[in-house]
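Asks: how would this look folded up:
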Amino acid sequence: MQHISPDGSAPLARVEKERDFYRKLLELGQADEIKPFLADALTLIVEICGALRGYIELLSSPDDREPTFWVARGCEETNVAEIRASFSRGVIAMTLATGRTISTLSALVDPRFLSSKSVQRNRTGALLCAPVGSAPPVGVVYLQDRAQKGPFSEEDRRHVEAFARHITPFLDRLLLRKQRLEETDSTLRLRGSLRVDGVIGKSRALADVLEQAAAAAPLDVTVLLTGASGTGKTQLARVLHENSPRARGPFVELNCATLPDALLESELFGALPGAHSTAARKIEGKVAAAEGGTLFLDEIGELKPPAQAKLLQLLQSKEYYPLGGTRPVRANVRVIAATNIDLKAAVERKELREDLFYRLQVLPIRLPSLAERREDIALLAEHFCAETCKTHGFPRLRPGVDALCAVEAAEWG
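Replies: Numbers count the residues shown, from 1 in each chain. Just a heads-up that it's a prediction; the model follows:
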């Protein structure tokens, strides 16, 4: 029996709650990207049901073992595996298998889940888990633990099931949109797993480079970037750094072609007072400045023999001698080198040490020229036009159709 307050406020509050719930559900349909959509959707259903923790996962197909997309709320864990393991896989599996909503006061003592290791491990209490999609389900909405004592109510169950039904067509639209984008943007999948801020393009050639970067970034080994000038070697070096375990450390860049030979060695390795005519005090080199992070050596082919020998020692032993020093200094840096010349030819001309060449080329990545990235030329032109307007305070301008056709048709090296 429903209790009604003398002024009728209780039914009115419930009507307003329902109205706000469905209004916010409709607003979710305005989203263009899946991840923000899922985050906003989960926030809505967690708040409407008074849950402490929530989780949504989606599968690309019923045969997938791992979700393509997932989002969690109310978790303190930072590790992805720990977050997902904190929700009962047994309950989720049963919901996906039966296509039915599961609700229980305590999964820990529910006979259906006595054999579920995840339920017993997490000591799962009140929960509500509903399928998303039907015949078969493509995901679940999972709520666990309530802000107030007791089980999730029938009203909560009704809200979750309505929520799951309403978000299904939105998800179908967003997944179709993502599929179409992936067909035209070869880099889209990689952008979801890599930090590639400022990397402009969608070509297959650029995607190949990003795939190599994704494989190389977590490895603490030397990377050699090759390619013509202007192909983005410095930018890719930053991508490697920002996606590596050293991302919180410094990224220090040195262009080996911009310094005179007399200063290059001290600029790279540092110098003690009196080591040369300009070293009136101790000079900290770039290697020391990059401690705990990444040292990017651009135009590595310009390095002269004395500096080559010291760099080889650094790569081999992780130690170096500052100019004028007699004791080795231990270094914790990752070296990324770049060049626009043929280093093998430089070795043959005796301009580059062969042993240094092989130490540098542990993981080589060649950056394609614009001629190999014609799909990206218009995007790059629009980007640089916007950046120029921003820098000089001009009104926002976009290249005209004729201008874009001209740059795309130009002969790029």
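Asks: all helices for the stretch 1-150 of the chain, in order.
Replies: Shown for the stretch 1-150 of the chain, the helices assigned by DSSP state H, counting those that start in this stretch span residues 9-28, 34-49, 80-85, 89-98, 117-122.
Asks: what's the closest of these to residue 399?
Replies: helix 34-49 (29.9 Å; Cβ to Cβ). The C-beta positions use only the backbone N, C-alpha and C, and glycine is treated the same way.
Asks: quick one: the closest one to helix 9-28, angle?
Replies: If you take axes from the mean of the first three to the mean of the last three Cα atoms, to 10 degrees, helix 34-49 sits at 170 degrees to helix 9-28.
Asks: poorly predicted segments of the protein, please.
Replies: Within the chain, the segments meeting pLDDT under 70 span 1-10, 62-63, 76-83, 181-183, 273-281, 413.
Asks: and the strands in it?
Replies: 51-58, 69-73, 102-104, 127-132, 139-146, 223-226, 251-255, 294-298, 319-320, 329-330, 334-339, 363-366 (DSSP state E).
Asks: now do the buried residues in the lengthiest helix in the chain.
Replies: As assigned by DSSP state H, the longest helix anywhere in the chain is helix 154-184. Within helix 154-184, the residues scored as buried using 16 or more other Cβ atoms under 10 Å are 156-157, 159-164, 166-168, 170-171, 174-175, 178.
Asks: tell me the centre residue of the protein?
Replies: With distances taken as Cα atoms, centre = their mean, the chain has residue 194 as the residue nearest its mean C-alpha position (3.3 Å).
Asks: I'd guessed that one sits against residue 214; true?
Replies: Yes. Contact criterion Cβ atoms under 8 Å: residue 194 and residue 214 qualify, at 5.6 Å.
Asks: residues that sit against both of the two, list them.
Replies: The contact sets of residue 194 and residue 214 overlap at residue 243 (Cβ atoms under 8 Å, 6 or more residues apart in numbering).
Asks: about what we covered before: tell me the one of the buried residues of helix 154-184 nearest residue 34?
Replies: For the buried residues of helix 154-184, the nearest to residue 34 is residue 174 (4.8 Å; Cβ to Cβ).
Asks: I figured that closest one was touching residue 37, is that so?
Replies: Yes. Residue 174 is in contact with residue 37 according to Cβ under 8 Å; the separation is 6.1 Å.
Asks: what residues are shared contacts of the two?
Replies: Common neighbours of residue 174 and residue 37 (Cβ under 8 Å, 6+ apart) are residue 31.
Asks: quick one, helices of the stretch 201-350 of the chain?
Replies: Under DSSP H, counting those that start in this stretch, the stretch 201-350 of the chain gives helices at 204-216, 233-242, 261-269, 286-289, 305-317, 343-348.
Asks: so which of those gets nearest residue 47?
Replies: From these, taking Cβ to Cβ, the stretch that ends up closest is helix 233-242, at 34.0 Å.
Asks: list the contacts of the closest one.
Replies: 194-196, 198-199, 209-210, 213, 216-217, 223, 225-227, 247, 251, 253, 293-294, 296, 298, 334, 336, 338, 340, 365, 367.
Asks: tell me what angle the longest helix of the chain forms with strand 139-146.
Replies: Going by the same axes, to 10 degrees, helix 154-184 makes 140 degrees with strand 139-146.
Asks: helix 154-184: how far from the chain's middle?
Replies: How far helix 154-184 lies from its chain's middle: 24 Å, per Cα atoms, centre = their mean, to the nearest Å.
Asks: thinking again about what came up before, which of the helices of the stretch 201-350 of the chain is buried the deepest?
Replies: helix 233-242 (a mean of 21; mean count of other Cβ atoms under 10 Å).
Asks: any idea how far that helix is from the chain center?
Replies: 13 Å.
Asks: just the CA atoms of it, as PDB, please.
Replies: Provided in PDB are the C-alpha atoms of helix 233-242 (Å, rounded to 0.1, in the frame of the first residue of the first chain):
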ATOM      1  CA  LYS A 233      60.200  12.500 -35.800                       C
ATOM      2  CA  THR A 234      60.200  14.900 -32.800                       C
ATOM      3  CA  GLN A 235      56.500  14.500 -32.300                       C
ATOM      4  CA  LEU A 236      56.800  10.700 -32.500                       C
ATOM      5  CA  ALA A 237      59.600  10.800 -29.900                       C
ATOM      6  CA  ARG A 238      57.200  12.600 -27.500                       C
ATOM      7  CA  VAL A 239      54.500  10.000 -28.200                       C
ATOM      8  CA  LEU A 240      57.000   7.200 -27.300                       C
ATOM      9  CA  HIS A 241      57.900   9.100 -24.100                       C
ATOM     10  CA  GLU A 242      54.300   9.900 -23.100                       C
END
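Asks: okay, the angle between that helix and strand 294-298?
Replies: 170 degrees.
Asks: do you know how far residue 260 is from residue 307?
Replies: Remark: distance between residue 260 and residue 307 (Cβ to Cβ, to the nearest Å) = 12 Å.
Asks: and if you look at residue 125?
Replies: 64 Å.
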